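1. Have a look at this prediction, sequence included:
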Amino acid sequence: MLLKTPTLFINFKTYKEATGQNALKLAKICQDVSIELDVCIAVVAQSVDIRLITNNLKIPVFAQHIDPIVYGHYTGHILPESVKEAGAVGTILNHAENKKSFEFIKKASLRAKEAGLLLMLCAASVNEAKKLVRLNPDFIAIELPELIGGNVSISEAEPRLITNTISTIKKINKRVKVIAGAGIKTRDDVRKALELGSDGVFVSSGIVKVKNHKEAIYELASAFKSFK
Ligand code: G3P
């Protein structure tokens, strides 16, 4: 399945409900809803779960992180080429839960591109987004760290953060897509983020941590219907 925008990105993080066999089960539900509603959904999985998902499904998978290393003597690191070979289409970097220095992000971004991976860089402010867009990513994800995992969404609490990020980024590089995340739980949160001009949303607990995964994915994905 091709990655198209607007996109519903679902971050599996290291939640038990989205690890190992559970990652495969959840990704399958994401794929079913994606096909049923004709909405692009991509999952952001732990590196060790990527191959399990891509061997069984066609949904686009992103890695949660890569390291700025090459083949060789780097025990314990995540090699961009391994992630690509496991079937990932892209990687994220600098998530609020895994912040890195600019130098690290710069080197890792270069390696992601050399390995043929799409690149999503996460930012916590307009200023950080402005700095990161110079690295020419495919996506900038804007997420206010204090809203992550909570019940108040970025679209509701900080709509200007989304619009300011979009206008700043597009002035520098029109090609870069802006994704909004943090606290997104409802169809209205998604609709508002898309109305504000974002190219998709980045969601985790609102899907992974609910009882009925299909219902939650369906609810959020259905908000995309009028934005295609
Ligand atoms: O990567 C997306 C994530 O940080 C948002 O988390 O739980 O607020 O949807 P959550």
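-> Cool, got the structure.
2. Quick one: end-to-end length of stretch 58-72, please.
-> 30 Å (C-alpha to C-alpha, to the nearest Å).
3. quick one: the helices in this structure?
-> 21-37, 47-56, 80-85, 102-114, 126-132, 154-157, 159-172, 187-195, 205-208, 213-222 (DSSP state H).
4. Just name the most buried of those helices.
-> Most buried of those, by mean neighbour count (mean count of other C-beta atoms under 10 Å): helix 205-208, with a mean of 22. Backbone N, C-alpha and C define where each C-beta goes, glycine included.
5. chain center to it, what's the gap?
-> 13 Å (C-alpha atoms, centre = their mean, to the nearest Å).
6. With stretch 158-175 instead?
-> Counting by C-alpha atoms, centre = their mean, stretch 158-175 comes out at 17 Å from the chain centroid.
7. picking up where we left off before, TSV for the helices of the chain, including distance to the ligand?
-> Below are these laid out as TSV (distance: least, C-beta to the nearest ligand atom, whole Å):
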stretch	distance to the ligand
helix 21-37	14
helix 47-56	16
helix 80-85	17
helix 102-114	16
helix 126-132	15
helix 154-157	8
helix 159-172	14
helix 187-195	9
helix 205-208	3
helix 213-222	10
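8. residue at max distance from the center of the protein?
-> residue 73 (29.2 Å; C-alpha atoms, centre = their mean).
9. Ok, which of the helices of the chain comes nearest residue 67?
-> With C-beta to C-beta as the criterion, residue 67 lies closest to helix 102-114 of those, at 6.5 Å.
10. what's the closest one packed up against?
-> helix 80-85, strand 90-93, strand 118-123 (3 or more C-beta pairs under 8 Å, 6 or more residues apart in numbering; DSSP states H and E).
11. Once you drop chain neighbours, what's closest to residue 202?
-> residue 181 (3.0 Å; C-beta to C-beta, 6 or more residues apart in numbering).
12. residues contacting that neighbour?
-> When contacts are counted by C-beta atoms under 8 Å, 6 or more residues apart in numbering, residue 181 touches 9, 11, 141, 142, 143, 148, 154, 201, 202, 203, 204.
13. at 7 Å what do you get?
-> 141, 143, 154, 201, 202, 203 (C-beta atoms under 7 Å, 6 or more residues apart in numbering).
14. For the protein, give me the ranges with low pLDDT.
-> Along the chain, segments meeting pLDDT under 70 span 228.
15. One more pass at 90, please.
-> Applying pLDDT under 90 to the chain flags residues 1-2, 225-228.
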